[in-house]
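*Asks:* sequence and predicted structure are below.
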Amino acid sequence: MKFIFADSLDYVDPAFDFIADRSLAERQPYWDDAYPHEILGYAPYDGVLVSKGIVGDHRVKGKYTASQARRFELVGARKFLRLDKPEFAHLDIFGDCGAFTYVNEERPPYSPAEIAEFYDDCGFTHGCSVDHIIFDFDVAAKGLDGGSNDAKDRFEITLENADAFRREANAIDALFKPLGVVQGWSPDSMAEAARRLVAMGYDYLALGGMVPLKSPEIKQCLAAIREVVPPATRLHILGFAKADDIDSFHSYDIASFDTTSPLIRAFKDAKQNYYLPGNGQGLRYFTSIRVPQALENPRLQRTVKRGVFRAEDLVTMESAALSSLRAFDRGEAGIEETLQNVLIYSAPLVEEKPFEDCKDATSMVRLATRYRDTLESKPWKQCSCSICEHAAVDVIIFRGSNRNKRRGIHNLAVYKDHIERLDLKRALT
């Protein structure tokens with residue numbers, strides 16, 4: 001089972017100064033920054049997925065700048081992603097259309113011929129057909145019953161595009177492996193889509209529309225599909241948001257899946273945003289310690305405007321929290337002193353009140369419990385990845401992109417090891 005990382009220009013500045021809290025003035029993002037496989041020294045994934053919608057063009061505003069999009073198409077995906085070194089030659093590069101970026105359109109803005117040419121010209125190893133995402137889901141709908149008119153229109157559009165996409169790929173002798181995308185509003189409708197895609201000649205299918213579904217619903221879709229496709233048919237899950245639950249999916253014989261979950265959890269999950277390997281086959285989670293920039297955080301600045309705090313007092317509390325954490329890391333401060341300074345600065349952020357006025361509030365007590373667990377465990381000292389060795393305690397500080405994404409890259413490394421351990425466990429059973 002291959003873990004494919006869905007990239008969205010997720011790089012960090014390797015020269016970032018944690019103490020001064022800034023990059024060099026002459027830094028040029030992308031050119032001076034490092035992708036996860038560069039800063040770690042190895043790839044924490046089996047491949048990378050790039051969405052056409054993320055690259056963008058004149059029809060769909062992507063995340064790439066216009067010059068980055070031009071360079072991507074000029075030099076190709078592997079060189080742009082800096083995967084063109086021999087040690088990365090084995091990594092797959094998947095492409096999809098980024099259906100979320102045009103979800104409100106009546107039809108996808110891209111033609112099958114255009115996307116086939118894009119994948120081939122840019123050197124993708126795998127390419128997904130042009131789909132139109134369906135958000136309806138009714139687990140009880142039988143056959144092709146249920147589903148709104150819009151869902152059924154998107155179902156047919158996705159299948160028509162898949163048929164045309166495969167023919168276009170064959171016509172240009174494309175070097176990438178075509179994947180037919182499955183969309184549906186129920187397990188049965190997704191199974192029917194899969195059956196038709198196999199009849200078209202696809203032997204690798206990608207399940208779309210999985211992001212909002214819960215694990216039991218995804219499993220019902222996989223079970224229905226497995227009943228109607230040949231055993232040799234490979235399955236890929238697009239945008240697998242339940243990545244931490246992957247072990248429970250092994251009976252469905254998933255060939256690959258893509259996700260950003262380990263990285264984005266680093267800054268979008270309030271409680272479980274730093275990973276370590278578990279004692280068994282699972283993962284352990286820790287809460288990173290939030291120390292935002294006093295003069296830039298909107299919530300903190302709101303307390304200043306309301307007269308609850310002075311800006312200079314927030315700066316003093318911020319400095320005390322950061323200094324205590326670094327001293328604690330060096331063994332020069334105790335846990336109680338460090339936790340106290342962190343919580344004093346957390347109070348304005350969490351409750352918008354001075355610490356003494358809210359220290360017994362439920363939110364503060366729960367936060368103190370999670371932070372104490374993090375400080376007592378010192379998880380950053382239990383990890384030997386280059387991120388944790390270089391950033392030290394700063395990797396556990398929730399503050400700005402260069403710390404948060406570093407923590408996310410660390411999570412990718414731990415997650416990749418987790419997948420390999422699961423695969424080894426299956427090989428031995």
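*Replies:* Sure thing, it's come through. Numbering: from 1, shown residues only.

*Asks:* once you drop chain neighbours, what's closest to the residue nearest the centre of the chain?
*Replies:* Residue closest to the mean C-alpha point of the chain, counted by Cα atoms, centre = their mean, is Thr260 at 1.3 Å. Setting aside the residues directly before and after it, Thr260 is nearest to Ala6 in space (Cβ to Cβ, 6 or more residues apart in numbering), at 4.8 Å. For every residue, glycine as well, the C-beta is placed using N, CA and C.

*Asks:* again with Asp13
*Replies:* Nearest-residue entry for Asp13: Ser23, 4.8 Å, with adjacent residues in sequence omitted and distances by Cβ to Cβ, 6+ apart.

*Asks:* please apply the same query to Lys52.
*Replies:* Nearest residue to Lys52, sequence neighbours excluded (Cβ to Cβ, 6+ apart): Cys97, at 5.0 Å.

*Asks:* and the one you found, how far from Gly147?
*Replies:* Cys97 sits 21 Å away from Gly147, going by Cβ to Cβ, to the nearest Å.

*Asks:* picking up where we left off before, for the residue nearest to Lys52, phi and psi?
*Replies:* Taking degrees, to the nearest 10, you get phi -90, psi -10 for the backbone angles of Cys97.

*Asks:* pLDDT score for it?
*Replies:* Model confidence at Cys97, expressed as pLDDT, equals 95.

*Asks:* my read: it touches Leu49, true?
*Replies:* No. Under the criterion of Cβ atoms under 8 Å, Cys97 is not in contact with Leu49, lying 11.3 Å apart.

*Asks:* which of Cys97 and Gly147 has more residues huddled nearby?
*Replies:* For Cys97 and Gly147, the more surrounded residue by other Cβ atoms under 10 Å is Cys97, and the numbers stand at 29 against 20.

*Asks:* mind listing what the more buried one touches?
*Replies:* The contact partners of Cys97, taken as Cβ atoms under 8 Å, 6 or more residues apart in numbering, are Ser51, Lys52, Gly53, Pro108, Tyr110, Ile115, Cys128, Val130, Asp131.

*Asks:* of the residues you listed - the most surrounded one?
*Replies:* Neighbour counts for these (other Cβ under 10 Å) peak at Cys128, which has 31 neighbours.

*Asks:* which residue ranges of the stretch 301-429 of the chain form helices?
*Replies:* Counting by DSSP state H, counting those that start in this stretch, the segments of the stretch 301-429 of the chain that form helices are 311-329, 335-350, 355-358, 362-377, 386-391, 400-428.

*Asks:* can you list these in TSV and add mean pLDDT and distance to Phe80?
*Replies:* Formatted as TSV, these follow (pLDDT from 0 to 100; distance: least, Cβ to Cβ, whole Å):
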stretch	mean pLDDT	distance to Phe80
helix 311-329	98	36
helix 335-350	98	38
helix 355-358	97	48
helix 362-377	98	37
helix 386-391	96	23
helix 400-428	88	19
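
*Asks:* out of those helices, nearest to Ile237?
*Replies:* Evaluated with Cβ to Cβ, these place helix 400-428 nearest to Ile237, the distance being 13.3 Å.

*Asks:* where does Leu235 sit: helix, strand or coil?
*Replies:* When states are read from DSSP: H, G, I helix; E, B strand; the rest coil, the local structure at Leu235 comes out as strand.

*Asks:* and it, what does it touch?
*Replies:* With Cβ under 8 Å, 6+ apart, Leu235 has these contacts: Tyr204, Leu205, Ala206, Leu207, Leu222, Ile225, Arg226, Tyr252, Asp253, Ile254, Ala255.

*Asks:* need the pLDDT of it.
*Replies:* In the prediction, the pLDDT value recorded for Leu235 is 98.

*Asks:* tell me the spacing between it and Thr369.
*Replies:* When distances are taken as Cβ to Cβ, Leu235 and Thr369 turn out to be 41 Å apart.

*Asks:* could you chop the chain up by domain?
*Replies:* If you go by automatic domain parsing, the domain ranges for the chain are 2-259, 285-407.

*Asks:* filter the contacts of Leu235 down to just the buried residues.
*Replies:* Buried members of these, counted by 16 or more other Cβ atoms under 10 Å: Tyr204, Leu205, Ala206, Leu207, Leu222, Ile225, Arg226, Ile254.

*Asks:* which residues of this protein score low on pLDDT?
*Replies:* 424-429 (pLDDT under 70).

*Asks:* please enumerate the strands of it.
*Replies:* Ranges of strands within the chain are 2-6, 47-51, 92-96, 126-128, 177-182, 204-207, 234-237, 256-259, 274-277, 283-286, 289-290, 397-398, based on DSSP state E.

*Asks:* now do the longest one: distance to the chain's middle.
*Replies:* Centroid separation between strand 177-182 and its chain, computed with Cα atoms, centre = their mean, to the nearest Å, is 21 Å.

*Asks:* sheet partners, orientation included, of it?
*Replies:* Partner strands and pairing direction for strand 177-182 (DSSP bridges) are strand 126-128 (parallel), strand 204-207 (parallel).
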